[in-house]
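just to be clear, the model below is a prediction. Sequence and coordinates:
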Amino acid sequence: MSLVASTEPAPAHTRAGVDPSRDLLDEIYVAGRWVTGAGETIESIDPASGRRFATLRAATPDDVDVAVTTGLAAAHASGWTAMLPHERAAVLHRIGNAVEFHADRIAALQTLDTGKTLSETKALAASAANTFRYMAAALETADDTVTTPRGPWLTMSTHQPMGVVGAITPWNSPIASDAQKLAPALAAGNAVISKPPVWAPWVTLLLARLCEESGLPNGLLSVLPGPGRTVGEALVRHPQVAKISFTGGTTTGRHLAHVAADKLMPITLELGGKSPTMVFDDADVERALQGVLFGIFSSSGQSCIAGSRIFVQRSIFNDFTDELVRRAKQLRLGPGTDPRTDVAPMITRAHRDSVAAMVDAAVADGAHIRCGGEIPADPELVDGSYYPPTILTGVTNADAISREEIFGPVGVVIPFDDDADVIAQANDTVYGLACGIWTRDYRRALRVGDAVDAGTVWVNTYKQFSISTPFTGLRDSGLGTEKGRDAIRQYSDQKSIYLDRSDAPMQWGTPR
Ligand code: NAD
């Protein structure tokens with residue numbers, strides 16, 4: 001059956017009430033072939049119920065080797081590398097349309113695998129569709145350059161595919177982070193090997209089916225789920241892999257940067273964060289309250305850009321914090337499939353327990369729990385990996401709970417006096433991913449935004465994204481940039497061409 005978008009009415013299973021079990025085939029995708037993996041068994045657990053819903057045999061380092069050599073050959077044999085930009089763009093458009101058409105199916109699968117709310121996984125699927133279409137448009141309109149002549153030449157700067165690119169992704173927003181890497185890397189004419197995380201491999205495998213059905217040449221794409229220490233390492237170390245695009249933790253990213261340095265291989269790193277969000281006393285309080293809550297508690301705080309350090313100007317600190325706490329207490333914990341759920345379960349129990357341990361350690365150090373802070377005992381939640389929205393006060397920016405990335409629904413609220421004070425506190429971190437500023441004074445917002453070391457600054461909003469706007473992590477939050485028109489160039493080698501216009505031989509050496 002074709003999975004490609006069509007004008008026909010959608011089959012029942014692709015619409016409301018999607019059953020994700022049909023997409024749980026125990027097969028990985030090695031250079032255009034669906035095979036049972038020979039690696040360890042991945043057990044997939046529904047975070048909402050603790051129930052095992054599928055097993056998947058992982059890939060092995062040998063699969064990486066097959067994927068690289070076959071992918072490289074396929075890129076050339078299929079004509080993908082030589083294809084004209086608008087021809088490759090047509091395939092990317094079809095993939096975007098297929099992702100959009102199957103958005104409900106993708107969302108249902110991802111909610112089962114990650115626990116996220118359906119509203120969020122639907123938004124991630126929509127974002128992935130848009131990413132493929134945007135990169136198609138960017139590819140069709142990307143100009144090579146004729147440079148200003150500095151001699152008797154016509155000089156040009158052109159771009160060509162790098163060969164095989166590795167895309168390594170985390171579990172928190174699979175389909176969107178897949179698209180963010182696959183779309184520009186394929187657009188640039190490369191073969192791509194995706195290494196999804198063991199905690200959430202399924203939606204990337206479904207994406208591969210949609211790519212295949214959309215006419216992506218066979219062999220060009222591989223999806224190799226498996227552990228980072230085996231499959232991921234093999235991918236990064238493979239001598240024929242020309243570039244790695246990685247999203248994940250800072251410790252892993254730093255290690256991969258070392259491996260890449262040894263190979264002299266370019267690597268893009270999108271890493272962790274501990275982002276400040278600051279509420280000034282002239283802020284629109286209603287908007288700030290909603291924005292701060294969304295910034296830290298959406299995605300159950302499992303977001304690199306979570307606004308986890310909440311700075312509130314001292315004159316409004318008590319009133320604002322009291323109201324923030326009152327609203328946080330009203331947020332509803334529940335399964336991602338329930339439309340009434342605000343905060344869904346965390347990815348695994350082990351991760352939930354590590355979040356709980358960090359909160360307990362902060363309390364032992366003197367932090368006050370204003371809400372949350374306890375694993376729920378509710379019979380409806382007890383089997384899942386739930387943790388409630390948690391707000392802590394009585395901490396400083398120097399405390400461990402304010403410095404370490406928690407990756408859970410935990411925010412600390414810290415007072416500040418003035419612009420200089422909040423800038424100093426915001427920058428007193430190893431990270432530099434994002435920043436939120438809530439004020440009615442746009443001059444102040446621009447001044448403070450300039451002074452804060454963050455790749456993204458949101459003013460009177462938070463956690464908003466557009467594929468046309470580049471995304472960068474500063475300091476320990478990353479290296480390089482994703483998204484935007486130039487994303488395709490991150491997956492291309494630049495080449496300069498000199499065409500001489502003169503008839504005379506070069507003037508060099510002793511005349512003969
Ligand atoms: P992680 O670093 O543990 O794993 C990320 C990916 O890297 C996984 O696919 C994993 O299997 C792989 N990996 C692990 N070790 C490897 C190795 N030695 N060689 C090759 N691959 C390896 O991170 P995680 O726990 O999956 O994700 C959470 C982290 O990701 C958080 O720190 C979060 O802030 C970060 N993140 C960053 C962004 C961003 O855009 N800046 C976005 C989402 C998540």
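Arrived safely. Residues are numbered from 1 along each chain as shown.

pLDDT at Val18, what is it?
At Val18, the model reports a pLDDT of 87.

strands along the stretch 151-300 of the chain, start to end?
For the stretch 151-300 of the chain, the strands defined by DSSP state E, counting those that start in this stretch cover 153-161, 164-168, 191-195, 221-223, 241-247, 267-270, 276-279.

can you check the stretch 1-150 of the chain too?
Shown for the stretch 1-150 of the chain, the strands assigned by DSSP E, counting those that start in this stretch span residues 28-30, 33-35, 41-45, 52-57, 145-147.

buried stuff in the fourth one?
This points to strand 52-57. Neighbour-count burial for strand 52-57 flags 54, 56-57 (criterion: 16 or more other CB atoms under 10 Å). Yep, even glycine has a C-beta here, placed from its N, CA and C like the rest.

list the contacts for the closest residue in space to Gly455 that isn't next to it in sequence?
Distances taken as CB to CB, 6 or more residues apart in numbering place Thr472 nearest to Gly455, at 3.7 Å, with adjacent residues excluded. Residues near Thr472 by CB atoms under 8 Å, 6 or more residues apart in numbering: 455-456, 478, 480-482.

and what of Thr158?
Going by CB under 8 Å, 6+ apart, Thr158 touches 144, 494-497.

which one of these is nearest to Leu182?
The shortest approach to Leu182 among the contacts of Thr158 belongs to Gln494, at 21.4 Å (CB to CB).

for the stretch 401-512 of the chain, what lies in contact range of the ligand?
Within the stretch 401-512 of the chain, the positions adjacent to the ligand are 405, 407, 433, 473, 478 by CB under 6 Å from any ligand atom.

in the residues you listed, which residue is surrounded by the most others?
Among these, the one with the most neighbours (other CB atoms under 10 Å) is Gly473, at 29 neighbours.

what ranges do the strands span in the stretch 351-500 of the chain?
Along the stretch 351-500 of the chain, the stretches classed as strands by DSSP E, counting those that start in this stretch are 368-371, 390-393, 410-416, 431-432, 434-438, 456-459, 471-472, 474-475, 478-479, 481-482, 492-500.

of those strands, which is nearest Ile316?
Ile316 sits nearest to strand 410-416 of all the strands of the stretch 351-500 of the chain, at 9.5 Å, using CB to CB.

can you lay out the strands of the stretch 1-150 of the chain as JSON lines showing mean pLDDT?
JSON lines is the format used below for the strands of the stretch 1-150 of the chain (pLDDT from 0 to 100):
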{"stretch": "strand 28-30", "mean pLDDT": "98"}
{"stretch": "strand 33-35", "mean pLDDT": "98"}
{"stretch": "strand 41-45", "mean pLDDT": "98"}
{"stretch": "strand 52-57", "mean pLDDT": "98"}
{"stretch": "strand 145-147", "mean pLDDT": "97"}
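
quick one: which of the strands of the stretch 151-300 of the chain is nearest the ligand?
Proximity to the ligand (CB to the nearest ligand atom) singles out strand 267-270 among the strands of the stretch 151-300 of the chain, at 3.2 Å.

so Asp282 touches Tyr442, yeah?
No. Contact criterion CB atoms under 8 Å: Asp282 and Tyr442 do not qualify, at 11.0 Å.

still on that earlier bit, in a markdown table, list the contacts of Thr158 along with pLDDT and neighbour count.
Formatted as a markdown table, the contacts of Thr158 follow (pLDDT from 0 to 100; neighbours: other CB atoms under 10 Å):
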| residue | pLDDT | neighbour count |
| --- | --- | --- |
| Asp144 | 94 | 12 |
| Gln494 | 97 | 11 |
| Lys495 | 97 | 11 |
| Ser496 | 98 | 10 |
| Ile497 | 98 | 13 |
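
go through the strands of the stretch 1-150 of the chain and pick out the most buried.
Of all these, strand 28-30 has the most neighbours on average by mean count of other CB atoms under 10 Å, namely a mean of 26.

in JSON lines: the contacts of Thr158, plus distance to Arg150.
As requested, those are exported to JSON lines (distance: CB to CB, whole Å):
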{"residue": "Asp144", "distance to Arg150": "18"}
{"residue": "Gln494", "distance to Arg150": "18"}
{"residue": "Lys495", "distance to Arg150": "18"}
{"residue": "Ser496", "distance to Arg150": "12"}
{"residue": "Ile497", "distance to Arg150": "14"}
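
let me know the closest of those residues to the ligand.
Gln494 (24.6 Å).

let me know which of the strands of the stretch 151-300 of the chain is tucked in deepest.
Mean neighbour count (mean count of other CB under 10 Å) peaks for strand 191-195 among those, with a mean of 29.

where do the helices of this protein begin and end?
Assigned by DSSP state H, the helices in the chain fall at 61-77, 85-101, 103-114, 118-141, 174-187, 202-213, 233-237, 250-263, 285-297, 317-330, 349-364, 400-403, 419-427, 442-451.

need those in TSV with mean neighbour count and mean pLDDT, can you?
As requested, the helices of the chain are exported to TSV (neighbours: other CB atoms under 10 Å; pLDDT from 0 to 100):
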stretch	mean neighbour count	mean pLDDT
helix 61-77	20	98
helix 85-101	21	98
helix 103-114	26	98
helix 118-141	22	98
helix 174-187	28	98
helix 202-213	24	98
helix 233-237	22	98
helix 250-263	16	98
helix 285-297	21	98
helix 317-330	16	98
helix 349-364	16	98
helix 400-403	17	98
helix 419-427	18	98
helix 442-451	14	98
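
minimum distance to Asp342: which of the ones you listed has it?
Closest to Asp342 of these, according to CB to CB: helix 285-297, at 7.1 Å.

now for Ser49: which residues touch it?
Per CB under 8 Å, 6+ apart, neighbours of Ser49: 335, 383-384.

just among the residues you listed, which is most surrounded?
Taking other CB under 10 Å as the neighbour criterion, Gly384 ranks highest of the contacts of Ser49 with 26 neighbours.

I figured that residue hits Gly334, correct?
No. Using CB under 8 Å, Gly384 makes no contact with Gly334, being 9.0 Å away.

one step back: so which of the strands of the stretch 351-500 of the chain is the most packed in?
Mean neighbour count (mean count of other CB under 10 Å) peaks for strand 434-438 among these, with a mean of 29.

tell me which other helices or strands that strand touches.
Packed against strand 434-438 by the contact rule (3 or more CB pairs under 8 Å, 6 or more residues apart in numbering; DSSP states H and E) you find strand 276-279, helix 285-297, helix 442-451, strand 456-459.

try 6 Å this time
strand 276-279, helix 442-451, strand 456-459 (3 or more CB pairs under 6 Å, 6 or more residues apart in numbering; DSSP states H and E).

in PDB, could you pull the C-alpha coordinates for the second one?
This file holds the C-alpha atoms of helix 442-451, laid out as PDB (Å, rounded to 0.1, in the frame of the first residue of the first chain):
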ATOM      1  CA  TYR A 442      11.400  47.100  24.100                       C
ATOM      2  CA  ARG A 443      14.500  49.300  24.500                       C
ATOM      3  CA  ARG A 444      15.300  47.400  27.600                       C
ATOM      4  CA  ALA A 445      14.500  44.100  26.000                       C
ATOM      5  CA  LEU A 446      16.900  44.800  23.200                       C
ATOM      6  CA  ARG A 447      19.700  45.900  25.600                       C
ATOM      7  CA  VAL A 448      19.300  42.900  27.800                       C
ATOM      8  CA  GLY A 449      18.900  40.500  24.900                       C
ATOM      9  CA  ASP A 450      22.100  41.800  23.400                       C
ATOM     10  CA  ALA A 451      24.000  41.300  26.700                       C
END
